[in-house]
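A.B. asks: Show me how the following folds:
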Amino acid sequence: MIKKNFLEKPRGFSMIEMLIVLSIISILSGVLISGYFYYKKLNDFDLAVAQTANLIRKARLNSVAVSEDSQWSVNIQANQVTVFKGTDFSGRDQSLDEIIRIRGVSDISGLSQIEFSKVFGLPQDSGMVTLSNDSSSRIIQINEKGIISY
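C.D. replies: This next block holds a predicted model:
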């Protein structure tokens, strides 16, 4: 005959213990997921600024190298940046375009088209491009010698 000791505690988890553990896990996951989306949004914005500056540099380098025997320009719009051959965006040869779609940017102001001269790579207009999102903004500056900084 098996004797049961009524003073011995039952083994296993109670329902209350399981609910406490599940609530702790759900609170932690909520905090971690919101942090993930914040840093993803911040990373998308930083990436958009870097890609925009790099495409401006690429247009300048193509003009200095006289690639395709032409000067090169950059067109900056709300959701994309385009490097194109020549100075006329509407009449360009689209097969030579390099386009990136930018994410994480809610507003772009300043220069919308930057044209670089052949050989010397001097911009037709110096100035700045400001990219903004909900919480911050970054400025890409193009000086009169064609140097790009941000």
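A.B. asks: pretty sure residue 56 is touching residue 111, no?
C.D. replies: No. Look at residue 56 against residue 111 with C-beta atoms under 8 Å: they stay out of range, at 9.3 Å. (Glycine included, C-beta is placed from N, CA and C.)
A.B. asks: More neighbours: which of these two?
C.D. replies: Using other C-beta atoms under 10 Å, the more surrounded residue of residue 56 and residue 111 is residue 56, with 25 against 21.
A.B. asks: okay, and the common contacts of residue 56 and residue 111?
C.D. replies: Applying C-beta atoms under 8 Å, 6 or more residues apart in numbering, one finds that residue 56 and residue 111 are jointly contacted by 129, 142.
A.B. asks: Helices of the protein, start to end?
C.D. replies: For the chain, the helices defined by DSSP state H occupy 15-64.
A.B. asks: Flag the shaky bits of it, pLDDT-wise.
C.D. replies: Within the chain, the stretches with pLDDT under 70 are 1-10.
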